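Enquirer: Have a look at this fold, sequence not included:
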């Protein structure tokens, strides 16, 4: 009996340990099936398209992962993205000679300020993240409509240099992919090798003991939402540049896709755990589904339902695996 | 026991309640609206204005209970869409309208039941993430059923729900008042209601005292589904047709009303009457600002601000109050 339990335990533990490997395996199997149904899936062109499309999602997923690690959630990022994208688009529309780098900085700044306000409300005002971010979502969407006067900024109002941010490439690699990779490397270092980064995990896995061990809880929470805001601002500029249009309802509901990417990537919704490698795979999986479902003739009306089901299945599976690991730990203690 | 009953009542405490602040705010809104537009204080206009905002107000009642339980349900608007779409689709397929209405309510109940079961079975998942995913799934199913079509042309009697009057009073207003009384009694005058407060204050202690926490949670979430279906009935009736994207964002309005109504997001606190005042507060605010052609986006900002401020104000208070509190808690200890 004991041996049996142990075996079962190690199996579950292995699943937990190699969740990324499992996810990678799933992605490979999925790709093979899709390739078998439609041979244009695994062409270089399509893969390049797919990764470019996933870049913005994965940038947002990094920020969302930090938020979820601290047991929070941010539903306002779609609105923040729209607001900063709109402000950047209006600015480059008014000053066509503005350097694209400045436009990116401007958008990021707008996002940072939005995140700063949101973080203050959550950490200092003691408002639950879900309520605060719902409220700010309303406010940012409203502001986006007001700033633009309900108008769109369309492609012909934007200078080529601005649109070039997303379409251009450096050393043969698309700028969006480069930016995403840069962010991954920076944040990998930040959350794994800096004191503040480790404190984010500490706050998420046990807020009380984090406080007792002298970690400034409020500061970490504030920081996390500010980072999320900054990344949403950056993503806003990239989004507008990529689609060459800024609208009041840009990226409406996109926060759900980002949360889905995180959850699929093994970020524990109860806080405290999550890896950069996981969310890369999670984003890629979402990217594959968005790209491949139309290729294998799945009606676009099914996509919402499929996406929702995948989130639910992923969180439930995560919960079950976690249960298995905890049970196993308890068993071992008894032995 | 007598001492306990005597002590807590003070006129100051009575008038410092959040509900009185809401009534004050409600009066302020009405005074401002009257000054802004000469057409505001018109009994017919005001009466018919209630018809436009009361449909989503039916979801406020169960949401009050859910928030008192320390949970949240953001899938309600998708439940509205799904129930409405299923009903309309069945009707166009030839199912009699009476049966379609019953099925609409059943769909709502099932949606709520699924939420409740998931939340109870997987305690490590917060209600936020469970209802977030079911929100996407329910909306997704609505899209699968109707795609980008709309369905409608209901029988005439169905229009009565949204447009009818009984003795000059809109039917929806009567239904709302009846529901408000029923839910008020359920929350404040029954053991079921007291148990909801008990769970919200301390789930573990409630479980140890023999309260069937899981059962109550499942019931309340199912109730939320049913009320969402009732919203679907009124909404569909008023619009005359339905689409998969109806009721988008309703959950925000509902949560805003509940939070503004003084229901604590930390659970265990709040009264039904507060949320009901908040329904009319936001409703008349929207109506008044609509009269002077204020863009809907400004209203979004106002509601967002109200939502955040309403939660922040009570959180900022306790630090001041703490000084005056100790004697009171001593009394309670003696009484206990």
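Expert: Structure's in. What do you need? The shown structure was predicted, so the numbers you read here are calculated from the model rather than taken from an experiment. Numbering: from 1, shown residues only, chains lettered A, B, ... in the order given.
Enquirer: ok but residue B:262 is inside a helix, no?
Expert: No - counting by DSSP: H, G, I helix; E, B strand; the rest coil, residue B:262 is not found in a helix; it is coil.
Enquirer: where exactly do the strands run in the chain?
Expert: If you meant another chain, say so; for now it's chain A. A:169-170, A:173-174 (DSSP state E).
Enquirer: let's do chain B instead
Expert: Going by DSSP E, chain B shows strands at B:151-152, B:165-166, B:169-170, B:241-242.
Enquirer: Tell me which residues are up against the third one.
Expert: Strand B:169-170 is contacted from outside by B:47-48, B:50-51, B:54, B:164, using Cβ atoms under 8 Å, 6 or more residues apart in numbering or on different chains. The C-beta positions use only the backbone N, C-alpha and C, and glycine is treated the same way.
Enquirer: repeat for the second one
Expert: Contacts to strand B:165-166, defined as Cβ under 8 Å, 6+ apart, come from residues B:171, B:174.
Enquirer: Partner strands of that strand and their direction?
Expert: strand B:169-170 (antiparallel) (DSSP bridges).
Enquirer: contacting residues for the residue of chain A found nearest chain B?
Expert: Relative to chain B, the nearest point of chain A is residue A:305 (2.7 Å; Cβ to the nearest Cβ). Contact partners of residue A:305, counting by Cβ under 8 Å, 6+ apart, are B:136-137, B:140-141, B:143-144.
Enquirer: how about residue A:50, what does it touch?
Expert: A:287-288, A:291.
Enquirer: From residue A:310, how far off is it?
Expert: In this view, residue A:50 and residue A:310 are 17 Å apart by Cβ to Cβ, to the nearest Å.
Enquirer: same question, residue B:178
Expert: Distance, residue B:178 to residue A:310, using Cβ to Cβ: 41 Å.
Enquirer: Can you pick out the residue with more neighbours from the two?
Expert: residue A:310 (19 against 10; other Cβ atoms under 10 Å in any protein chain shown).
Enquirer: My guess is that one contacts residue A:259. True?
Expert: No - counting by Cβ atoms under 8 Å, residue A:310 stays clear of residue A:259, with 11.6 Å between them.
Enquirer: Wait, residue B:159 touches residue B:237, no?
Expert: Yes - using Cβ under 8 Å, residue B:159 is in contact with residue B:237, at 5.7 Å.
Enquirer: Kindly report the residues of the stretch 151-300 of chain A close to chain B.
Expert: Residues of the stretch 151-300 of chain A found near chain B (Cβ under 8 Å from any Cβ of the partner chain) are A:248, A:256, A:259, A:263, A:269-270, A:299.
Enquirer: Check the burial of the closest residue to chain A within the stretch 51-200 of chain B by counting its neighbours.
Expert: When scored by Cβ to the nearest Cβ, the stretch 51-200 of chain B has residue B:140 as its residue closest to chain A, at 2.7 Å. For residue B:140, the neighbour count with other Cβ under 10 Å is 23.
Enquirer: how about it, what does it touch?
Expert: So residue B:140 contacts A:302-309 (Cβ under 8 Å, 6+ apart).
Enquirer: quick one on the thing from earlier: so among the contacts of residue A:305, which ones count as buried?
Expert: B:136-137, B:140-141, B:143-144 (16 or more other Cβ atoms under 10 Å in any protein chain shown).
Enquirer: Narrow the residues you listed to those in helices?
Expert: B:136-137, B:140-141, B:143-144 (DSSP state H).
Enquirer: In contact with the residue nearest the centre of chain B, which residues are there?
Expert: Centroid check for chain B by Cα atoms, centre = their mean gives residue B:60 as the closest residue, at 0.9 Å. Going by Cβ under 8 Å, 6+ apart, residue B:60 touches B:254, B:257-258, B:261, B:275-276, B:278-279.
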